[in-house]
Every structure is written in C-alpha cells, then in structure tokens.
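Got a predicted model here, sequence first, then my questions.
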Amino acid sequence: MSNKENYLRIDVKSNAIDSLNKSFHFLSNHEKDLFSWKWFAISFHHAVHSFMLIALQNTDCSGIWDRCEYKEDGLIDVHNSNNRLVSFLKAYEWIKNAERMGGFVGAEPFKSEQYHDQSMKLLNNRLRNKFIHYQPLWWSIHNQYFADIALPILEVVEFLRCHIRSNFDKNEQESIKQDLVKIEEILKSLNKKNDLSKETFRCRLRRYRKKILRIFQKFR
C-alpha cells in the first residue's frame, strides 16, 4: 500500500485485496484490450492463492509451507530463502482438509464439486502457468473459456471470504465483496452475449441452408 514516503508497504491481506481488485480492473477493460484477459488470469490466480494462504495460515505463520526453516527459538524463519510456500493446487487440496482449516474458530473445510476441481486445475495449468512460462506458440483463446473457468472459482473465493472475514476490517471486507460481485457480473454478462452470438450464428446458418436448398431445387 502506498504512502507519503514513497514506499510500497504490503502484507498478506493487502496483497490479496490488491490482486483481486486488479483482477476486476483487467476484466473490466477486456473489450478495449484483449490482452487484459492474460493479466486477468494471472492476477486472479494470484488473488485466489493469496486468500487460500490467509485461510491456511496459523498465528505462528505455520500451515502454509511446503518446506520451511526454523530459527533457534523454534519459530519459522519466514525470511529464509530455502522456504517454499505451498503451491496453488496443494493449497486448494488443503482448504478441503478439516485439520488444515482449523486455524479459525468455527472454520470448515471447503466442500468442492468436480467443476470446482476442474476449474482450479485449468486456471493453474492451462492459463496462469502458460502465460507466466510462455513458450513460442500460436494460441487462440475464446473469452468464454476464461468465464467458464473463473465463475466456479468465484465460489471458492466467496467461501474463503466468509471464513476469514475476521482477518479484515469493515472497509476491507466491503472491498473484497464488491470486487467479487463486479467480477461475477461481467463474467455472467459475457455468457449472455456469447449465447446471443451463438443464436445469431444458428439463425444465419439456418437461412444459409434454406438458401442453398432453394438453389439446388431450382437446378433439379
């Protein structure tokens, strides 16, 4: 978070909130700049990962590491370069585990459906990783593909928001909620536009077939 001293001050909460807000920012600009879809996928992935880490993290900073080093006093050395945060997909598996989600009073594990699992894998493997570790290739992605992946994941983030809201003040909670609502509205409106486009295409195809049929009948 910026301040008068020109320093960027950031913590786990502001990091998650900023990434979600940037997701909305890029998504809202997709009609003007198609490359916004790339940045939406990257920032949205980062936002989801950040919220999962907040849900999994214990007060001593444990619960979020795949590998970590400890200091002499027994606490985790959070600045050690050998530490490795839990990956996106492993964090997703952990938020479905009751023991892993025991850091908050009354917290429950996320009960996923197959479409949640599939969307999380696609966001991580097919979109974010391919954009971050881009290899030279021709790649065309329909905007509906982004929407089909992101909409189910919004349910994951909403679940996390409800279970970690005590970590955020009132303004932060409202900011998260509003960004989720606005992202959902854009993605659902995209669904309606694409459905209309499909119907328009079907109507034109039917007219074209009738026209061709009349031509064939004329020359029979």
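Perfect, thanks for sending it.

What segments of the chain are helices?
In the chain, the segments counted as helices under DSSP state H are 12-28, 36-56, 88-95, 114-121, 129-132, 143-163, 170-218.

Going by neighbour count, list what's buried in the first one.
Along helix 12-28, these residues count as buried under the neighbour rule (16 or more other CB atoms under 10 Å): 13, 15-24, 26-27. Glycine gets a C-beta too; all of them are placed from N, C-alpha and C.

Tell me which of the helices of the chain is the most buried.
Compared across these, helix 36-56 shows the largest average neighbour count, a mean of 23 (mean count of other CB atoms under 10 Å).

rewinding a little: in JSON lines: the helices of the chain, plus mean pLDDT and distance to residue 75.
Output for the helices of the chain, formatted as JSON lines (pLDDT from 0 to 100; distance: least, CB to CB, whole Å):
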{"stretch": "helix 12-28", "mean pLDDT": "97", "distance to residue 75": "17"}
{"stretch": "helix 36-56", "mean pLDDT": "97", "distance to residue 75": "18"}
{"stretch": "helix 88-95", "mean pLDDT": "97", "distance to residue 75": "21"}
{"stretch": "helix 114-121", "mean pLDDT": "96", "distance to residue 75": "31"}
{"stretch": "helix 129-132", "mean pLDDT": "96", "distance to residue 75": "32"}
{"stretch": "helix 143-163", "mean pLDDT": "94", "distance to residue 75": "25"}
{"stretch": "helix 170-218", "mean pLDDT": "75", "distance to residue 75": "27"}
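
The closest residue to residue 38 other than its chain neighbours: what's it in contact with?
With CB to CB, 6 or more residues apart in numbering as the measure, residue 131 is the residue that lies nearest to residue 38, at 5.3 Å, once sequence neighbours are left out. Shown in contact with residue 131 (CB atoms under 8 Å, 6 or more residues apart in numbering): 38, 41, 42.

what's the closest of the residues you listed to residue 6?
residue 42 (25.8 Å; CB to CB).

Against residue 64, how distant is residue 45?
In this view, residue 45 and residue 64 are 17 Å apart by CB to CB, to the nearest Å.

Kindly report the same for residue 81.
From residue 81 to residue 64 the distance is 16 Å (CB to CB).

Compare the two (neighbour count), which wins?
In terms of neighbours (other CB atoms under 10 Å), residue 64 is the more surrounded of residue 81 and residue 64; the figures are 23 against 7.

my read: the more buried one touches residue 57, true?
Yes: at 4.8 Å, residue 64 counts as touching residue 57 under the criterion of CB atoms under 8 Å.

What residue, apart from its backbone neighbours, is nearest the residue nearest to the spatial centre of the chain spatially?
Relative to the mean C-alpha position of the chain, the nearest C-alpha, by CA atoms, centre = their mean, is the one of residue 44, at 3.6 Å. Distance criterion CB to CB, 6+ apart; nearest residue to residue 44, sequence neighbours excluded, is residue 23 at 4.3 Å.

Does the one you found touch residue 180 like I think?
No: using CB under 8 Å, residue 23 is not in contact with residue 180, being 9.6 Å away.

quick one, what contacts residue 172?
Residue 172 sits next to 13, 17 when contact means CB under 8 Å, 6+ apart.

Distance-wise, check the closest residue to residue 83 other than its chain neighbours relative to residue 191.
Excluding its sequence neighbours, the residue lying closest to residue 83 (CB to CB, 6+ apart) is residue 68, at 4.7 Å. Residue 68 sits 42 Å away from residue 191, going by CB to CB.

Lovely, talk soon.
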